[in-house]
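Asker: need coordinates for the following:
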Amino acid sequence: MKTGYIEGYYGKELSFKEREGLMHSLADLKMTHYFYCPKEDPYHRMQWKEDYDQDFLAHFSALNKVAISNNIEVIFGLSPGNDFDFERDYEILLKKYRKFADLGINSFCLLFDDLFGINTGSSHRKILNQLANDLGKFNLYTVPQIYCDQLSPEKNILLDTYLSDFLEGLNPTVGIFLTGPRVVSKDYPLEYYNQLKQYLGQRELIIWDNYYANDYCAPKIHLSEFCDLDSGLQDCLDGIMINASGSLRIDQIYLQLFASKVHQKHTKEEILSKTNLPQAFYNIQHLFDFEIVTFDPESDLEHLEVLLWRWNDPLKIEMYTYLHQLRQLLQKITQDNAGDDILLKRFNFKRGDNNER
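Answerer: As a prediction, the model looks like this:
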């Protein structure tokens, strides 16, 4: 099963030095893939028709060599956007992929996610089929415009007209990235994925997981366990890769939490114990859950103050903005000033009743 890291978030971009370090981490965790598709790279999306300069290409070539030495496959992605015209733009797209093929890249992805214009499944299929034909021996993947139930007008991807048009006649060698029932899915029901895999036919089904991504709720950090991935689910899927936060120390923890479920090794407690998190963190660990409940906000504030003012560590630098956000939210709750505060909803944060403990 393909596993790995997706650099596919909004708001942050890794440096090449950070990416090279990531390759070593992926290898240590027995991951297989790194997927390059950062939304903030202008030449990936907004200005995709323009070429990367020679300095970037040289760095990418060096990155791929580090990946190969660590048995990591690099997937290079482009997102041609709403202004794509097949007759005018296809050769530009193909030429750009071929430049990266010349660097030694063997896997490519064409992304149609987060497009805001009117598009059809058949028009996207046409581009992919031509690419599959012209790229030949290389691996080709895609992210369709409708990539989960939540985004489908039918609220069921198996009944979605865009996706049915997209898949009808699509080259069976093209692998499909989907995010699950929702954009941010918390689990992966086996029955659901058996149906989805059957629907896709021979095509690979790879999960683009957004559980740890925070570009929609920055600066939130949650250190929750990844969902269970039993053997039946792993047999059903062709891959799962996580789209994370772009804060590399935090993302290293996310990768370990993910790998612990893939390989059925190590508990969350064992993983966190290898960090320099102080006792004050463990006293308020519930504030770093995906869904946050505080039963004693006054006490939580006291422990949070320790993290803010008495803890010094490189990990804190990446957590610092979120620690301040937590402080603000806890103060609102203690002052009974929460009401229907939109930030509390955005962070899945609520005050619990002591009777619920």
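Asker: would you list every one of the strands in this structure?
Answerer: 2-7, 33-36, 73-78, 107-111, 139-143, 175-178, 205-209, 239-243, 292-294, 349-351 (DSSP state E).
Asker: out of the ones you listed, the one nearest Ser231 is which?
Answerer: Proximity to Ser231 (Cβ to Cβ) singles out strand 239-243 among these, at 13.7 Å. C-betas here are computed from N, CA, C, even on glycine.
Asker: follow-up on the earlier one: which stretch in the strands of the chain has the least confidence?
Answerer: In terms of mean pLDDT, the lowest-scoring of the strands of the chain is strand 349-351 (a mean of 86).
Asker: give me the contacts around it.
Answerer: The set of residues external to strand 349-351 that reach it, using Cβ atoms under 8 Å, 6 or more residues apart in numbering, is Ile292, Val293, Thr294, Phe295, Pro297, Leu329, Ile333, Ala338, Leu343, Leu344.
Asker: state the pair within these that is farthest apart.
Answerer: For those, the maximum inter-member distance is 19.6 Å, found between Phe295 and Leu343 (Cβ to Cβ).
Asker: residues near Glu40, how many?
Answerer: If you count neighbours by other Cβ atoms under 10 Å, Glu40 ends up with 15.
Asker: name the nearest residue to it, ignoring sequence neighbours.
Answerer: Using Cβ to Cβ, 6 or more residues apart in numbering and skipping residues adjacent in sequence, the residue nearest Glu40 is Glu13, 4.7 Å away.
Asker: which residues touch the one you found?
Answerer: Glu13 touches Glu7, Pro38, Glu40, Asp41, Gly246, counting by Cβ under 8 Å, 6+ apart.
Asker: what's the closest of those to Asn194?
Answerer: Set against Asn194, the nearest of those by Cβ to Cβ is Glu7 (29.8 Å).
Asker: please produce CSV containing the strands of the chain, extended by mean neighbour count.
Answerer: Below are the strands of the chain laid out as CSV (neighbours: other Cβ atoms under 10 Å):
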stretch, mean neighbour count
strand 2-7, 24
strand 33-36, 24
strand 73-78, 22
strand 107-111, 23
strand 139-143, 22
strand 175-178, 23
strand 205-209, 24
strand 239-243, 23
strand 292-294, 19
strand 349-351, 18
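Asker: format those strands as a markdown table; extra columns: distance to Ala132.
Answerer: What follows is the strands of the chain, written out as a markdown table (distance: least, Cβ to Cβ, whole Å):
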| stretch | distance to Ala132 |
| --- | --- |
| strand 2-7 | 18 |
| strand 33-36 | 18 |
| strand 73-78 | 15 |
| strand 107-111 | 10 |
| strand 139-143 | 5 |
| strand 175-178 | 11 |
| strand 205-209 | 16 |
| strand 239-243 | 18 |
| strand 292-294 | 44 |
| strand 349-351 | 45 |
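Asker: among the ones you listed, which is nearest Glu87?
Answerer: For those, the distance to Glu87 is smallest for strand 107-111, at 17.3 Å, taking Cβ to Cβ.
Asker: helices or strands up against the closest one?
Answerer: Packing partners of strand 107-111 (3 or more Cβ pairs under 8 Å, 6 or more residues apart in numbering; DSSP states H and E): strand 73-78, helix 86-101, helix 121-135, strand 139-143.
Asker: how about 6 Å then?
Answerer: The contact analysis (3 or more Cβ pairs under 6 Å, 6 or more residues apart in numbering; DSSP states H and E) places strand 107-111 against strand 73-78, strand 139-143.
Asker: neighbouring strands for the shortest one, and are they parallel or not?
Answerer: Looking back up the chat, that one is strand 139-143. According to DSSP bridges, strand 139-143 has the following sheet partners: strand 107-111 (parallel), strand 175-178 (parallel).
Asker: dump those to TSV, plus distance to Tyr254.
Answerer: Compiled in TSV, those are given as follows (distance: least, Cβ to Cβ, whole Å):
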stretch	distance to Tyr254
strand 107-111	21
strand 175-178	18
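Asker: and those: which comes nearest Leu167?
Answerer: When the strands paired with strand 139-143 are compared by Cβ to Cβ, strand 175-178 sits nearest Leu167, at 8.2 Å.
Asker: who's in contact with the closest one?
Answerer: Tyr141, Val143, Tyr147, Leu200, Arg203, Glu204, Leu205, Ile206, Trp208 (Cβ atoms under 6 Å, 6 or more residues apart in numbering).
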